[in-house]
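Colleague: need a 3D model of the following:
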Amino acid sequence: MSVLSGRTPPALRLILAEWPLVSAPMAETLIGASRAAVQRNLAWMEMRGLIREVTGQGRFRMWRAAV
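Modeller: The predicted model follows:
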């Protein structure tokens, strides 16, 4: 994740380490970042296999750290 800049990526990493499941609205509230920034970073992390979307839905999605 070192190629990403800003405060959102490290904050997301901390949240995903502390919580078993994380939604975009939850991360947005906890970090204080915009929904777009959170979703962009979650998508980047998912594409690289760092996190997994576990709900299988288009809406109300939840992610967890990949193990």
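Colleague: just give the nearest non-adjacent residue to residue 60, would you?
Modeller: Using C-beta to C-beta, 6 or more residues apart in numbering and skipping the chain neighbours, the partner closest in space to residue 60 is residue 23 (7.1 Å). Using the backbone N, CA and C atoms, a C-beta is placed for each residue, glycine as well.
Colleague: now do the helices in this protein.
Modeller: Using DSSP state H, the helices of the chain run over 8-18, 24-31, 35-47.
Colleague: pretty sure the residue nearest to residue 60 sits against residue 62.
Modeller: Yes - here residue 23 reaches residue 62: they are 5.2 Å apart, a contact under C-beta atoms under 8 Å.
Colleague: returning to that earlier point: got a markdown table for the helices of the chain, with mean neighbour count, mean pLDDT and distance to residue 58 too?
Modeller: Listed next are the helices of the chain as a markdown table, based on neighbours: other C-beta atoms under 10 Å; pLDDT from 0 to 100; distance: least, C-beta to C-beta, whole Å:
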| stretch | mean neighbour count | mean pLDDT | distance to residue 58 |
| --- | --- | --- | --- |
| helix 8-18 | 16 | 90 | 21 |
| helix 24-31 | 16 | 94 | 12 |
| helix 35-47 | 16 | 92 | 13 |
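Colleague: turn those into a markdown table, including distance to residue 55.
Modeller: Output for those, formatted as a markdown table (distance: least, C-beta to C-beta, whole Å):
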| stretch | distance to residue 55 |
| --- | --- |
| helix 8-18 | 15 |
| helix 24-31 | 12 |
| helix 35-47 | 12 |
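Colleague: nearest to residue 54, of the ones you listed?
Modeller: Nearest to residue 54 among the helices of the chain is helix 35-47 (10.9 Å), distances taken as C-beta to C-beta.
Colleague: using CSV, write out the CA atom coordinates for that closest one.
Modeller: The C-alpha coordinates for helix 35-47 follow below in CSV (Å, rounded to 0.1, in the frame of the first residue of the first chain):
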residue,chain,number,x,y,z
ARG,A,35,-17.2,8.1,0.6
ALA,A,36,-15.5,8.3,-2.8
ALA,A,37,-12.0,8.1,-1.2
VAL,A,38,-13.0,5.2,1.0
GLN,A,39,-14.6,3.3,-1.9
ARG,A,40,-11.7,4.0,-4.2
ASN,A,41,-9.2,2.6,-1.6
LEU,A,42,-11.4,-0.4,-0.8
ALA,A,43,-11.5,-1.2,-4.5
TRP,A,44,-7.8,-0.9,-4.9
MET,A,45,-7.2,-3.1,-1.9
GLU,A,46,-9.7,-5.7,-3.1
MET,A,47,-8.1,-5.8,-6.6
